[in-house]
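Novice: Sequence and predicted structure are below.
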Amino acid sequence: MSDATAPSRCPVAHAAGAAAAAPLGASAPLGASAPPGASGRQLLARLHEARVYLSSQPVLWLLASATRRLGAAQRIPGVGVVVSDAGLARAILQRDEDFPKCGRGGFAEQITRVLGPNALGNMDGASHRAVRARLAAVFTPAHAAALTRDVCAAPIAELRAQLAAGRTVDLVTFTRRLTGRTMCRIVGLTPPPDREDGTHEELAMLAERLSTIIHLQSASDQELRSIEAARTRLFDHLRECCDTSDGSGLPGSVVNRLRALGLTLDEARGALTILLVAGTVSMTAAFPRIAALLIDTGQLGDLHRHPELVARAIAEGLRFVAPVPATMRIAARDTTVGGMRVTAGTRMLILTMNVARDPCLFPRPNRFDASRVHDPAARQPWYGAGPHFCLGFALAQCQLAAALTVLAEARGKVRIVRRRPARHVLLPGYACLAVRVGAGAP
Ligand code: HEM
């Protein structure tokens, strides 16, 4: 076994679990500079986060809480091997020949059932590399920055204006429109000008529905019917876009790139749909939760005074919420990982939500500290690792920064006036997070 497959050798590590799995409210006290009441606010923020999880993924939340105490990797009957250690998780994700996405009982099988082949998240090896290579130019940091500047300018300006006017803004709706709009541009969809916001929002909601196919248990017939209805509607949108543009799509759009690879629209629509899903669902889960954490813990005001800390706040927000809480691989052969023997066909459930609280990489992991300086060695595990590392990484970073900067720059105190955790969703998040700027220092 190479070093790369070893779990983190952290002395606190999984007694670390103790710290990581400490009951709410049992975290270490805040630093000397923390204002009075700060630890109470941390506790409140964590209670809200727990509610968000329990509303949509209670089983996953309980599984993560229980296994975090137990060690780097555990065999759980009916689930497979559950991995909580950052080093071990990374090694598995990088050894894609031993631990591919595809295999019996994996998430890839569920994706294929609804989207067909070519959906990236259900591909391995050479075919996966070919599609990623075709799409790489669309997801460079430079293109992500240009897209955010051009495509996101209008919704960002609207958010700024609404907050300045003292209006209540639902950050979930805002994020759906922002990401729906961006993904339409990327994929090559042009909604009618009089139905832009509605179409962007609808696409994001269809994507949310479709994403629920990914689950530890198989979907019931009723759930499958509802998911298939969402898929049909999404495919209609895709076909419409290709029809209205005479099949040429926007120049440089993903539609054209996939066609250049020799895929027909039918063959390409799995990839198009997964892009829509991945690009909207993760962001709609992430941004409102990060905003809520900053407001609940009183740290949004710090960002107002130190806007240069936005990037750190995003990294810490993503660590704390781990928007994609888990991913799965299937052992392709009998092998060993982290000293554990694994037989072919074993499901490896990587609990990113535990990995992101690995105390070796993130001391006092249950504390949300927007100014935390992350060790580069941690490599943002919430975006995955190995060949399936998040394709939209640069785009997500740009969009989160643009949206968070508006909140940080608001003149006045941003308050949460209403919140409701989402139910029946893949990624834990809010169904509504309404905020308003009121009197008081930011
Ligand atoms: C905060 C935002 C985001 C987070 C936390 C996130 C997280 C992740 C993670 C953990 C994976 C790897 C899953 C695995 O290994 O099984 C992934 C894959 C992916 N992400 Fe993201 N993502 C985000 C935003 C986006 C955006 C904006 C896009 C835009 C298109 C995107 C597109 C994708 C795609 C296409 C994949 C599949 C890559 C492949 O299988 O080769 N993501 N993401």
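Specialist: Received it, and whenever you're ready, just let me know what you need. No experiment lies behind these values; they were computed from the predicted model shown.
Novice: Could you list the low-confidence segments of the stretch 151-300 of the chain?
Specialist: 216-217, 241-252 (pLDDT under 70).
Novice: Spell out the residue ranges of the helices in it.
Specialist: For the stretch 151-300 of the chain, helices defined by DSSP state H, counting those that start in this stretch occupy the ranges 153-164, 171-187, 196-211, 221-244, 254-260, 265-296, 300-305.
Novice: Same check on the stretch 301-442 of the chain?
Specialist: Along the stretch 301-442 of the chain, the segments classed as helices by DSSP H, counting those that start in this stretch run 310-321, 352-355, 393-409.
Novice: Out of the helices of the stretch 151-300 of the chain, the one nearest the ligand is which?
Specialist: Taking C-beta to the nearest ligand atom, helix 265-296 is the member of the helices of the stretch 151-300 of the chain nearest to the ligand, at 3.1 Å. All C-beta atoms are positioned from the backbone trio N, CA, C, and that covers glycine.
Novice: Give me the buried positions along the closest one.
Specialist: The neighbour-count check on helix 265-296 (16 or more other C-beta atoms under 10 Å) flags 265, 268-296 as buried.
Novice: between it and helix 221-244, how big is the angle?
Specialist: For helix 265-296 against helix 221-244, the angle by axes from the mean of the first three to the mean of the last three C-alpha atoms, to 10 degrees is 110 degrees.
Novice: Next to the ligand, which bits of the stretch 251-400 of the chain? Give me the list.
Specialist: Residues of the stretch 251-400 of the chain found near the ligand, taking C-beta under 6 Å from any ligand atom as the criterion, are 274-275, 278-279, 282-283, 286, 318, 323-324, 327, 382-384, 388, 390-392, 395-396.
Novice: Name the nearest residue to Phe235, sequence neighbours excluded.
Specialist: Nearest residue to Phe235, sequence neighbours excluded (C-beta to C-beta, 6 or more residues apart in numbering): Arg269, at 6.0 Å.
Novice: And Arg239, by the same measure?
Specialist: Closest to Arg239 by C-beta to C-beta, 6+ apart is Leu265, at 7.1 Å.
Novice: same thing with Leu433?
Specialist: Closest residue to Leu433 apart from its sequence neighbours, by C-beta to C-beta, 6+ apart: Pro288 at 4.1 Å.
Novice: now swap in Ala439 and tell me
Specialist: Ala439's closest residue in space is Gly412 (C-beta to C-beta, 6+ apart), at 6.4 Å.
Novice: Quick one: residues contacting the one you found.
Specialist: By C-beta atoms under 8 Å, 6 or more residues apart in numbering, the residues touching Gly412 are Val437, Gly438, Ala439, Gly440, Pro442.
Novice: Quick check: the third one touching Lys413?
Specialist: The reference is to Ala439. Yes. Using C-beta atoms under 8 Å, Ala439 is in contact with Lys413, at 7.0 Å.
Novice: out of those two, which sits in the more crowded spot?
Specialist: Neighbour tally, Ala439 and Lys413, criterion other C-beta atoms under 10 Å: the higher count belongs to Lys413, 17 against 8.
Novice: ok now do that one, which residues does it touch?
Specialist: Gly301, Val437, Gly438, Ala439, Gly440, Ala441, Pro442.
Novice: correct me, but Pro192 touches His200?
Specialist: No. With contact defined as C-beta under 8 Å, Pro192 does not reach His200; the gap is 11.8 Å.
Novice: Between the two, which has more neighbouring residues?
Specialist: Between Pro192 and His200, counted using other C-beta under 10 Å, the more crowded position is His200 (23 against 10).
Novice: my guess is the residue nearest to Leu433 contacts Leu171, does it?
Specialist: Yes. Under the criterion of C-beta under 8 Å, Pro288 makes contact with Leu171 at 4.4 Å.
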